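Enquirer: sequence plus predicted model, see below.
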Amino acid sequence: MSGLVISGGRVVDPASGMDAVGDVAVVDGKIAAVGTGLGGAERVIDATGLVVAPGFIDLHAHGQSIPADRMQAFDGVTTTLDLEAGVLPVGSWYERQARKGRVLNYGAATNWAFARIGAMTGSNAESSLEAFGNAMRDRRWIDNVASDAEVAGILERLERGLNEGGIGIGILNAYAPGAGVQELTAVCQLAAKQDVPTFTHVAYMSRVDPESAAEAYIRLIGYAGATGAHMHICHFNSSSKTDIERCRELIAKAQAQGLPITVEAYPYGTGSTVLAAAFFSDPEFVERNGTGYDSVQRVTDGYRFHDREELLKAQAEEPSSLVLWHILDTENNAHHRDLLDMSVLYPGGAIASDAMPWTTSDGKTYTGDAWPLPDDATSHPRSAGCFTKFIREWVRERKTVSLLEGVRKCALIPAEILSQSTPAMRAKGRLTKDADADIVVFDYEKLSDCATFTAMNRPSAGVQHLVVSGQPLISDGILDIAARPGKPVRRPVVEA
């Protein structure tokens with residue numbers, strides 16, 4: 001057999017239920033066979049004593065760059081998608097990725113926030129972290145209910161993005177809490193008409209009414225029921241804060257009634273976002289969130305804020321700066337650990353990182369080609385170790401789920417969430433004949449996240465081989481820095 005054979009590993013495939021020693025043969029970027037005795041290939045990877053699994057699929061990755069891809073490669077990721085935020089314009093974004101080449105498979109939704117920025121402020125800047133922070137200086141798109149004309153402009157921009165191949169609609173509702181229900185209903189109706197999911201950061205995250213996380217989930221459930229749109233909940237853990245138990249019951253009941261709602265979570269109690277996020281400037285921030293201003297920590301230098309006045313001043317001066325938000329104290333609080341479990345282990349829920357871009361000490365997004373990353377490159381540990389942390393802690397050490405189920409949450413479930421709307425995803429997340437050859441081979445006993453909140457740019461350990469679109473990217477733990485095997489994940493383009 002020509003091509004590549006991964007031989008003698010523990011093949012773990014949640015699609016078929018296989019968890020047994022075997023071989024995986026790869027020809028022309030596809031899996032040609034799974035079985036035993038498949039030798040005779042041009043290249044053989046000896047996987048004896050290692051796990052062979054479908055590459056992990058990240059539905060929620062904001063990095064979308066070569067350095068971000070490389071860090072995620074060591075986390076076992078082969079497909080990295082920005083769906084919660086998305087991009088705008090969509091077509092030109094895909095063209096840029098193709099020109100420069102990507103390390104991992106990539107894709108994006110169309111960006112509701114930037115559609116709102118364009119329709120309500122007249123700014124047509126392309127979506128980026130810096131442009132997002134700068135746009136927050138004009139609060140019309142954040143606070144105001146859109147007029148009929150503005151709603152029409154928002155929908156036109158979103159529909160164009162979908163026609164250009166956007167995977168769905170990313171709805172950063174918490175960053176524009178002033179958006180009205182009529183507008184969001186129309187957005188969801190567009191998603192239902194195009195048969196694409198929405199990927200929602202719910203509007204509110206407070207533990208108290210009004211405008212609580214529970215209220216936000218009731219709205220999301222209502223959008224699913226009233227419009228038929230597939231509503232995907234982003235970072236169920238950080239959106240629900242300390243009210244996860246109540247929110248979990250609401251979503252489970254809605255799903256039991258057949259509503260099209262799916263869920264993702266990341267295995268950390270600390271979130272991350274831009275400093276200018278509207279919820280930080282809430283005058284009742286402390287009372288509504290149960291955390292002080294010292295829970296907000298600047299990524300670049302570790303500085304924790306002291307009071308609202310100091311934070312507001314920093315928002316005006318450096319709106320695009322990334323911050324950590326320490327929400328659940330999982331190291332010292334057993335109840336907080338239980339709350340995180342409720343989101344991470346949610347039945348049928350995906351693991352997704354919410355990986356942030358890498359920034360340097362000057363606060364600029366790093367898009368260079370250095371490997372390892374520069375010493376001053378910072379992000380959030382989840383940008384380097386989300387999936388390996390989940391497998392290490394929840395699967396191997398605590399045994400809360402089997403390895404087969406753990407791989408399902410990291411690979412197959414994310415693929416299934418997108419399979420109806422995005423044909424390219426139907427061949428991912430599985431090790432079966434004719435599936436895409438996106439494969440991770442790891443040492444189960446050594447697989448571990450290495451990044452910490454004081455050393456964020458440490459790649460994870462234990463991934464021995466990573467194959468993307470049939471091409472080896474990591475071999476014997478060494479990254480091929482010249483490789484650009486990533487391919488676009490994109491819905492069919494509708495010509496104007």
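Expert: Happy to help now that I have it.

Enquirer: what's the neighbour count on residue 316?
Expert: By the other C-beta atoms under 10 Å criterion, the neighbourhood of residue 316 contains 12 residues. C-beta: built from backbone N, CA, C; applies to glycine.

Enquirer: now swap in the one 4 residues further on and tell me
Expert: The criterion is other C-beta under 10 Å. On that basis, residue 320 has 20 neighbouring residues.

Enquirer: likewise the one 4 residues further on?
Expert: Other residues lying near residue 324 total 24 when counted by other C-beta under 10 Å.

Enquirer: helix or strand for it, which one?
Expert: Assigning secondary structure by DSSP states H and E places residue 324 in strand 322-326.

Enquirer: mind listing what's buried in stretch 455-463?
Expert: Taking 16 or more other C-beta atoms under 10 Å as the basis for neighbour counts, the residues of stretch 455-463 that come out buried are 456, 457, 458, 459, 460, 461, 462, 463.

Enquirer: can you redo the residues you listed as TSV with distance to residue 121 and secondary structure?
Expert: Below are the buried residues of stretch 455-463 laid out as TSV (distance: C-beta to C-beta, whole Å; DSSP: H, G, I helix; E, B strand; the rest coil):
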residue	distance to residue 121	secondary structure
456	33	coil
457	35	coil
458	40	coil
459	40	coil
460	40	coil
461	45	strand
462	46	coil
463	43	strand
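
Enquirer: from those residues, pick the one nearest residue 366.
Expert: residue 457 (9.7 Å; C-beta to C-beta).

Enquirer: residues in contact with the closest one?
Expert: Taking C-beta atoms under 8 Å, 6 or more residues apart in numbering as the definition of contact, the neighbours of residue 457 are 71, 358, 372, 373, 374, 375, 377, 378, 379, 384, 451.

Enquirer: just the buried members of these?
Expert: Buried subset of the contacts of residue 457 (neighbour count, 16+ other C-beta under 10 Å): 71, 358, 373, 377, 378, 379, 384, 451.

Enquirer: now do the helices in the stretch 301-450 of the chain.
Expert: In the stretch 301-450 of the chain, helices defined by DSSP state H, counting those that start in this stretch lie at 308-317, 334-344, 382-390, 403-407, 413-419, listed in chain order.

Enquirer: ok, which of those comes nearest residue 290?
Expert: Among these, helix 334-344 sits nearest to residue 290 (C-beta to C-beta), with 11.1 Å.

Enquirer: would you turn the contacts of residue 457 into JSON lines with distance to residue 425?
Expert: Formatted as JSON lines, the entries for the contacts of residue 457 read as follows, by distance: C-beta to C-beta, whole Å:
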{"residue": "71", "distance to residue 425": "23"}
{"residue": "358", "distance to residue 425": "26"}
{"residue": "372", "distance to residue 425": "31"}
{"residue": "373", "distance to residue 425": "29"}
{"residue": "374", "distance to residue 425": "34"}
{"residue": "375", "distance to residue 425": "37"}
{"residue": "377", "distance to residue 425": "30"}
{"residue": "378", "distance to residue 425": "31"}
{"residue": "379", "distance to residue 425": "26"}
{"residue": "384", "distance to residue 425": "24"}
{"residue": "451", "distance to residue 425": "28"}
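
Enquirer: for the most centrally placed residue in the chain, what are phi and psi?
Expert: Among the residues of the chain, the one closest to the centroid is residue 60, at 1.1 Å (C-alpha atoms, centre = their mean). Backbone torsions for residue 60, taken as degrees, to the nearest 10, come to phi -140, psi 80.

Enquirer: give me the phi and psi for residue 465.
Expert: Its backbone dihedrals place residue 465 at phi -140, psi 140, with angles given as degrees, to the nearest 10.

Enquirer: reformat the contacts of residue 457 as CSV; add pLDDT and distance to residue 316.
Expert: Output for the contacts of residue 457, formatted as CSV (pLDDT from 0 to 100; distance: C-beta to C-beta, whole Å):
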residue, pLDDT, distance to residue 316
71, 98, 31
358, 96, 25
372, 96, 35
373, 97, 30
374, 95, 28
375, 94, 30
377, 95, 26
378, 95, 22
379, 95, 24
384, 98, 31
451, 97, 31
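
Enquirer: wait, residue 115 sits on residue 158?
Expert: Yes - under the criterion of C-beta atoms under 8 Å, residue 115 lies in contact with residue 158, with a separation of 5.2 Å.

Enquirer: of the two, which one has the most company?
Expert: Applying other C-beta under 10 Å to residue 115 and residue 158 shows that residue 158 carries more neighbours, namely 30 against 27.

Enquirer: thought the more buried one was touching residue 187?
Expert: Yes - taking C-beta under 8 Å as the definition, residue 158 is a contact partner of residue 187 at 6.7 Å.

Enquirer: next, show the common contact partners of the two.
Expert: When contacts are counted by C-beta under 8 Å, 6+ apart, the set common to residue 158 and residue 187 consists of 112, 169.

Enquirer: quick revisit: skipping adjacent residues, who's closest to the residue nearest to the centre of the chain in space?
Expert: By the measure of C-beta to C-beta, 6 or more residues apart in numbering, the closest residue to residue 60 outside its immediate chain neighbours is residue 352, 3.9 Å from it.

Enquirer: how about the contacts made by the one you found?
Expert: For residue 352, the contacting residues are 58, 59, 60, 61, 234, 235, 264, 265, 266, 386, 414, by C-beta under 8 Å, 6+ apart.

Enquirer: if you set the cut-off to 6 Å instead, what comes out?
Expert: Under the criterion of C-beta atoms under 6 Å, 6 or more residues apart in numbering, the neighbours of residue 352 are 58, 59, 60, 264.

Enquirer: so of those, which ones are in strands?
Expert: With strands identified by DSSP state E, the entries of the contacts of residue 352 that belong to them are 58, 264.

Enquirer: the nearest residue to residue 396 once chain neighbours are set aside: how many residues sit nearby?
Expert: If you skip the residues right next to it in sequence, residue 396 has residue 444 as its closest partner in space, 6.6 Å away by C-beta to C-beta, 6+ apart. If you count neighbours by other C-beta under 10 Å, residue 444 ends up with 17.

Enquirer: do the same with residue 11
Expert: Other residues near residue 11 come to 23 when the count uses other C-beta under 10 Å.
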